[in-house]
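Engineer: Coordinates only, no sequence provided:
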């Protein structure tokens with residue numbers, strides 16, 4: 001899933017959004033807008049922009065090819081009932097609940113469909129709803145008064161097409177390269193374990209760090225991962241989730257905003273506390289019967305042979321520092337067993 005997912009609270013039955021995009025292929029979801037009543041999807045197919053309304057099962061499409069690698073500006077207004085690209089309005093006859101009554105909560109996703117919507121699709125357009133390949137920036141969601149519901153975000157789905165500057169850090173450029181990343185060192189998960197890391201996510205879902213038991217026949221792991229823009233601490237044994245704690249980010253806060261964020265997770269096997277940028281986000285309970293274990297830390301994902309389930313795929317983004325129980329782990333110690341997999345010493349940002 002590219003971009004981010006977050007709830008908003010418009011103050012009236014009015015919604016609008018705008019963003020710029022640059023596509024490196026002619027397929028993929030640009031934007032999904034859903035609530036309990038309806039679902040509006042904007043996606044590229046054969047380079048052309050399609051607008052699909054779930055309730056009516058109806059389309060409209062552009063006559064232009066937008067898969068040309070150039071920047072394009074897209075705007076939508078439910079007050080006007082129209083979508084324009086590069087100041088040219090699309091001729092859409094779709095009527096939608098978004099044009100009339102909008103509930104207090106709605107969800108907006110950039111670059112792909114949320115996992116719950118994608119898993120349930122069996123219709124003819126499911127094959128077209130791929131993750132967007134390209135770059136999205138200058139995102140704004142406005143209510144009637146023009147106040148931003150969302151802060152502007154720079155969302156990179158394909159870093160090679162969006163890179164302009166370079167910052168130090170370790171870059172995970174694609175979700176399929178992270179599974180082989182591992183550390184030759186071992187750390188101990190103690191009765192109280194504290195993990196601190198600095199990250200800059202490109203995508204809002206993915207496994208950032210996994211502490212995998214390296215001594216027992218029981219496959220046990222403590223993971224820190226992102227799920228639709230929230231931080232989740234999970235404890236598993238042999239594919240069974242013993243417990244997980246989700247730190248839900250407030251609607252005004254985005255992890256995928258192009259900035260570095262500090263995440264601290266403290267686990268004492270009775271509770272979990274999570275801080276984001278020095279603000280306490282959540283306190284949750286964990287099973288008391290879980291014991292400490294020696295483990296190998298994995299960055300960006302877990303090995304494919306790990307007997308673990310319910311993980312959201314691999315992390316895509318940047319990591320700059322990592323410490324466990326106060327001991328800094330040099331990122332240079334994390335390497336890949338496959339020379340074709342790229343672990344960059346610099347991290348690209350837009």
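Structural biologist: Yep, that arrived. Bear in mind that the values here come from a model prediction, so they are computed numbers and not experimental data.

Engineer: residues in contact with the nearest residue to residue 125 once chain neighbours are set aside?
Structural biologist: In this structure, residue 125 finds its nearest non-sequential neighbour in residue 52, 6.2 Å apart by CB to CB, 6 or more residues apart in numbering. The way it works is simple: take the backbone N, C-alpha and C, and place the C-beta from them, glycine included. Counting by CB atoms under 8 Å, 6 or more residues apart in numbering, residue 52 makes contact with 40-43, 58-59, 125.

Engineer: Work out for me the element residue 52 sits within.
Structural biologist: In this assignment (DSSP states H and E), residue 52 forms part of strand 48-53.

Engineer: where in the stretch 201-350 of the chain is pLDDT low?
Structural biologist: Where the stretch 201-350 of the chain drops to pLDDT under 70, the residues are 214-218, 251-252, 269, 286-294, 304-307, 309-310, 330-350.

Engineer: now with 80?
Structural biologist: Of all residues in the stretch 201-350 of the chain, those with pLDDT under 80 make up the ranges 202-203, 212-220, 237-243, 248-254, 256-259, 268-271, 280-314, 316-320, 327-350.

Engineer: list the buried ones in stretch 202-215?
Structural biologist: Using 16 or more other CB atoms under 10 Å as the burial criterion, the residues of stretch 202-215 that qualify are 202-213.

Engineer: Show the average pLDDT along the strand holding residue 52.
Structural biologist: Here strand 48-53 scores 86 as its mean pLDDT.

Engineer: Just checking: what are the partner strands of the helix or strand that it is followed by?
Structural biologist: Counting by DSSP H and E, the element after strand 48-53 in chain order, helix or strand, is strand 58-61. Sheet pairing here is set by DSSP bridges, and for strand 58-61 it gives strand 48-53 (antiparallel).

Engineer: picking that back up, can you tell me how far the residue nearest to residue 125 is from residue 88?
Structural biologist: 20 Å (CB to CB, to the nearest Å).

Engineer: Same question for residue 317.
Structural biologist: Residue 317 is 34 Å from residue 88, by CB to CB.

Engineer: Could you check which of the two has the larger neighbour count?
Structural biologist: Comparing residue 317 with residue 88 by neighbour count (other CB atoms under 10 Å), the higher total belongs to residue 317, at 25 against 10.

Engineer: Just the closest of the contacts of residue 52 to residue 227, please.
Structural biologist: Nearest to residue 227 among those is residue 41, at 21.0 Å by CB to CB.

Engineer: Skip the chain neighbours and tell me the closest residue to the closest one.
Structural biologist: Take residue 41 and drop its neighbours on the chain: the residue closest to it by CB to CB, 6+ apart is residue 52, 4.6 Å away.

Engineer: distance of that neighbour from residue 87?
Structural biologist: Residue 52 sits 23 Å away from residue 87, going by CB to CB.
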